[in-house]
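structure, please.
(chains A and B)
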Amino acid sequence: MSTALLLARQRARNDGEFSALVDCIPYSRYLGVELSLHDGAPLSRLPFRPDLIGNRALPAIHGGVTAAFMENAALLHLLLTGDEERVPRSIDFSIDYLLPGRDTECYARCEVTREGLRVAHCMVRCWQRSPEQPIALARAHFLLSASE
Amino acid sequence: MPIPAEFETFARRFSEVVPYSNACEMKITAAGRGHVEMELPYRDEWLGDLERGVIHTGVITSLVDSASGAAVLASFPQYEPVATIDLRMDYLRPALKGYTVICRAECYRLTRSIAFTRATVWQTDPERPVALSQGVFMRSSRTPAART
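Have a look, this model is predicted:
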């Protein structure tokens, strides 16, 4: 069991201090993800920076960055809202791109559609201007640590 | 063997013109008509699970998106822009700390509007892949002369 993870979750839940939880996942720190609670639900934010660009001409955020950000949003959601003692393991991930990700910040919200004993099914929505205009939708399965 | 002369410029230019791939130091190490091999050197920043020493699956996805896009570009006689429509990932086993991640992607069907890709990801042994993927890309320019 990871003490750092449990402490970070405690700080997030009790003090509304989310950065320690983000830092438990080094790649989410690399991306520069910011986590918060919005209307009681976890919300991931990805501030824009030039080295996240995939297509300079548009310019558009790299599709792989959007995917990674969304998958990470699901992980953070499960860590913050569940009782996971370790980072859940990704089983699969499927993303549909709907609009180009422009050179501005992105948001992602995860909905746990079903949480079984071993596997969680998550839907993730990513948007820039408005949640009603998603730039991508994704679904993912995770193996929960409690099952190990 | 890996990069025939006609693909040398393509391979070199790819990471130069894609800022995210450049920042991650992704490199095309082999290429041919409709396929590429792309490597991502290991960094501690890529970790998703510190305790287990496992690379974040989002990192794998972003490499696969880059390599699959490059495989599509490598199937064109001349450059045209493409956009990812969807990407699906199966994470077969964890990608381990300390090792380079390698992706081989191929564009196995190209129509006038759409390109279909598949990709395999491994670290030390191609026979023990860490991920398999399928993707679909849209050709952004309309080229009536395009091969089908």
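
residue farthest from the centroid of chain A?
In chain A, the residue that sits farthest from the middle, by C-alpha atoms, centre = their mean, is residue A:57; the gap is 27.0 Å.

and it, that's in a helix?
No - applying DSSP: H, G, I helix; E, B strand; the rest coil, one finds residue A:57 to be coil, outside a helix.

correct me, but it touches residue B:81?
Yes - counting by C-beta atoms under 8 Å, residue A:57 does reach residue B:81; the two are 7.2 Å apart. Every residue, glycine included, has its C-beta placed from N, CA and C.

who's in contact with the residue nearest to the spatial centre of chain B?
The geometric centre of chain B, computed from its C-alpha atoms, lies nearest to residue B:67 (C-alpha atoms, centre = their mean), at 1.1 Å. Residue B:67 is in contact with B:36-38, B:103-105, B:119, counting by C-beta atoms under 8 Å, 6 or more residues apart in numbering or on different chains.

which helix or which strand is home to the spatially most central residue of chain A?
By C-alpha atoms, centre = their mean, chain A has its centre lying nearest to residue A:73, at 0.8 Å. Assigned by DSSP states H and E, residue A:73 belongs to helix A:63-81.

quick one: residues contacting the residue located most distally from the centre of chain B.
No residue in chain B sits farther from the centre than residue B:51, which is 27.8 Å out by C-alpha atoms, centre = their mean. Contacts for residue B:51 (C-beta under 8 Å, 6+ apart) come out as A:2, A:5, A:86-87.

ok, residue A:26 touching residue B:50?
Yes - the pair residue A:26 / residue B:50 is scored as a contact, 6.6 Å apart, by C-beta under 8 Å.

so can I have CSV of the contacts of residue B:67 showing pLDDT and neighbour count?
Below are those laid out as CSV (pLDDT from 0 to 100; neighbours: other C-beta atoms under 10 Å in any protein chain shown):
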residue, pLDDT, neighbour count
B:36, 97, 31
B:37, 97, 23
B:38, 97, 29
B:103, 98, 27
B:104, 98, 19
B:105, 98, 28
B:119, 98, 26
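
tell me which of those is nearest to residue B:5?
In terms of C-beta to C-beta, no member of these lies closer to residue B:5 than residue B:36, at 15.5 Å.

from residue B:111, how far out is that closest one?
20 Å (C-beta to C-beta, to the nearest Å).

got the residues of chain A near chain B?
Contacts of chain A with chain B, taken as C-beta under 8 Å from any C-beta of the partner chain, map to A:2, A:4-5, A:24-30, A:50-57, A:62-65, A:67-69, A:71-72, A:75, A:86-87, A:89-97, A:100.

redo that, cut-off 7 Å
Neighbours of chain B within chain A, by C-beta under 7 Å from any C-beta of the partner chain: A:2, A:25-27, A:30, A:50-54, A:56, A:62-65, A:67-68, A:71-72, A:86-87, A:90-97, A:100.

write a ChimeraX command that selects only the buried members of those residues.
Selecting only the buried entries of the residues of chain A next to chain B in ChimeraX, with 16 or more other C-beta atoms under 10 Å in any protein chain shown as the criterion:
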select /A:2,25,26,27,30,52,53,54,62,63,64,65,67,68,71,72,86,87,90,91,92,93,94,95,97,100
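
can you flag which of the residues of chain A next to chain B belong to strands?
Judged by DSSP state E, strands contain the following of the residues of chain A next to chain B: A:53-54, A:90-97.

check what pLDDT residue A:145 gets.
pLDDT for residue A:145: 78.

in stretch B:30-47, which residues are buried?
Buried residues in stretch B:30-47, counted by 16+ other C-beta under 10 Å: B:30-32, B:34-40, B:42, B:46-47.

just give me the closest of those residues to chain A.
Within the buried residues of stretch B:30-47, the smallest distance to chain A is 4.3 Å, found for residue B:47 (C-beta to the nearest C-beta).
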